[in-house]
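In: Have a look; sequence and predicted model below, questions after that.
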Amino acid sequence: MKALVFEAPGTPVVRDVPVPRIKDTEVLVRTRAVGICHSDYELLGGRYIIPVSYPVTPGHEWCGEIVEVGKSVSGLKTGDRVVGECVVETPERLHHFGFSMDGADREYFAAQPEWLHKLPPQLDDTTGSLIEPFTCGYYAVMRAGGTNASETVVVSGGGTIGLCSAAAAVGMGARVILIDPVARRREAALKLGVECVLEPSDDIVEQVRALTGGKGAEVVIEASGHDASLGKVFEFAAEEGRVSMVGISIDRMVTSNLGQIQMRNLTIHGCIGSPGVWPAAIRFLEKTGIDLSPVQTHRFDLKDAVAALKVAPSECIKVTLTND
């Protein structure tokens, strides 16, 4: 079968590898669609946040179909479409799927049932491959206590996680304002139901205040990890506002007016990943009917994965590999 392999930092190849043989406690999954994440580029660059070894097959944003079931497995059958969590436990250790162990950028892979969630029939394969980033955005909003139709949510950063955070807040009924410098991302946000999009500027805080009657937003999601956004994020918030910090900014030092936290009596939450929310997030997508397709901008066949990795981030939002 074909697999994308990072042989070493900076060296991606598509090569033939054996189809896995499953254990009695495993299922064999045929990959249907896999998203390329910013962290995959970090892995390719040799900069991932935990130690990894090469060669490794990436791919943690995936949707697949079960094609073989181990003798000891119950609750799953051939033909079930499934998605899977990223932090997984194996008999050897706790792994990051697609980082410290081989991921889904291959035609078939073995998985343990406890990693998996069935995909409702209403959600297509592309949406399935967006479940993982959506759970991160959903978790970011829930870390801030959730939201509702009485509140305004500001999302700073319109990458995949920012857009998914915005979609989750829209689905909860909130009025959403998204800030991002890239026109493609702002256009996608409007298609997701965001009410207002803004470009970053020197007077961005004043713009947010003007749109919120001078008080600021009840919920702020910092999803960019960008220095300028990190410096202003607390100033977007209303009195007793809630802020979720989901944008990756490891080992970064920025200047920020921390006095805003006390002056406005803010609650700040850091969040990473999406622990414990997968079933709820999948039901949420199923019941609300949110269309995440504006996030997905480019498709490549798995055999063309090296070319897919060369699409500049400025040209795309989400690149998806398909195994048709």
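Out: Good, I have the coordinates. Source: prediction; values computed, not measured.

In: who touches residue 314 in this structure?
Out: Neighbouring residues of residue 314 by Cβ atoms under 8 Å, 6 or more residues apart in numbering: residue 182. Where C-beta positions appear, they are placed from N, C-alpha and C, glycine not excepted.

In: Give me the most central residue, the protein.
Out: The chain has residue 133 as the residue nearest its centroid, 1.9 Å off, counting by Cα atoms, centre = their mean.

In: What residues does that residue make contact with?
Out: 35, 37, 61, 160, 161, 164, 295, 318.

In: Which members of those residues occur in strands, if any?
Out: Residues of the contacts of residue 133 located in strands (DSSP state E): 35, 61, 318.

In: which one of these has the most neighbours?
Out: Within those, residue 61 tops the neighbour count with 30 neighbours, counted by other Cβ atoms under 10 Å.

In: And the next helix or strand past the host helix or strand of residue 186?
Out: Secondary structure from DSSP states H and E places residue 186 in helix 183-191. Following helix 183-191 in sequence order, the next helix or strand is strand 196-198 (DSSP H and E).

In: Show residues contacting that next one.
Out: The contact list for strand 196-198 (Cβ under 8 Å, 6+ apart) reads 158, 176-180, 186, 189-190, 204, 207-208, 211.

In: Produce a PyMOL select command limited to the buried residues of those.
Out: Only the buried entries of the contacts of strand 196-198 go into this PyMOL selection, using 16 or more other Cβ atoms under 10 Å:
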select buried, resi 158+176+177+178+179+180+186+189+204+207+208+211
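
In: so which of the contacts of strand 196-198 comes closest to residue 23?
Out: Comparing the contacts of strand 196-198 against residue 23 with Cβ to Cβ places residue 158 closest, at 42.2 Å.

In: Please tell me the pLDDT value assigned to residue 33.
Out: Listed pLDDT for residue 33 reads 98.

In: Now do the phi/psi pair for it.
Out: Main-chain torsions, residue 33, degrees, to the nearest 10: phi -150, psi 140.

In: gap between the closest residue to it other than its chain neighbours and residue 303?
Out: Spatially, and ignoring its direct neighbours in sequence, residue 33 is nearest to residue 129 (4.0 Å; Cβ to Cβ, 6 or more residues apart in numbering). Remark: distance between residue 129 and residue 303 (Cβ to Cβ, to the nearest Å) = 17 Å.

In: go on, residue 189?
Out: 32 Å.

In: Could you do residue 43 as well?
Out: Relative to residue 303, residue 43 is positioned 20 Å away (Cβ to Cβ).

In: ok, those two, which is more surrounded?
Out: Higher neighbour count among residue 43 and residue 303: residue 43, with 24 against 13, using other Cβ under 10 Å.

In: which strands and helices sit next to the helix holding residue 186?
Out: helix 160-171, strand 175-179, strand 196-198 (3 or more Cβ pairs under 8 Å, 6 or more residues apart in numbering; DSSP states H and E).

In: what's around residue 291, how many residues?
Out: 13.

In: One more: residue 253?
Out: 7.

In: Now for the protein, the helix or strand with the poorest mean pLDDT.
Out: Each helix and strand of the chain was given a mean pLDDT (mean pLDDT, DSSP states H and E); the minimum falls on helix 227-232 at a mean of 87.

In: domains in this protein, as residue ranges please.
Out: 2-130+292-322, 133-270 (automatic domain parsing).

In: Could you identify which of these is most buried?
Out: Scoring the domains of the chain by mean neighbour count under mean count of other Cβ atoms under 10 Å gives domain 133-270 as the most buried, with a mean of 20.

In: Give the bridge partners for the nearest residue to residue 21 once chain neighbours are set aside, please.
Out: Nearest residue to residue 21, sequence neighbours excluded (Cβ to Cβ, 6+ apart): residue 110, at 7.8 Å. Note on residue 110: beta-bridge partners by DSSP bridges are residue 28.

In: From residue 31, how far off is residue 110?
Out: 12 Å.

In: any chance of the contacts of residue 133 in JSON lines, plus distance to residue 170?
Out: Listed next are the contacts of residue 133 as JSON lines, based on distance: Cβ to Cβ, whole Å:
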{"residue": "35", "distance to residue 170": "20"}
{"residue": "37", "distance to residue 170": "22"}
{"residue": "61", "distance to residue 170": "21"}
{"residue": "160", "distance to residue 170": "15"}
{"residue": "161", "distance to residue 170": "15"}
{"residue": "164", "distance to residue 170": "11"}
{"residue": "295", "distance to residue 170": "13"}
{"residue": "318", "distance to residue 170": "18"}
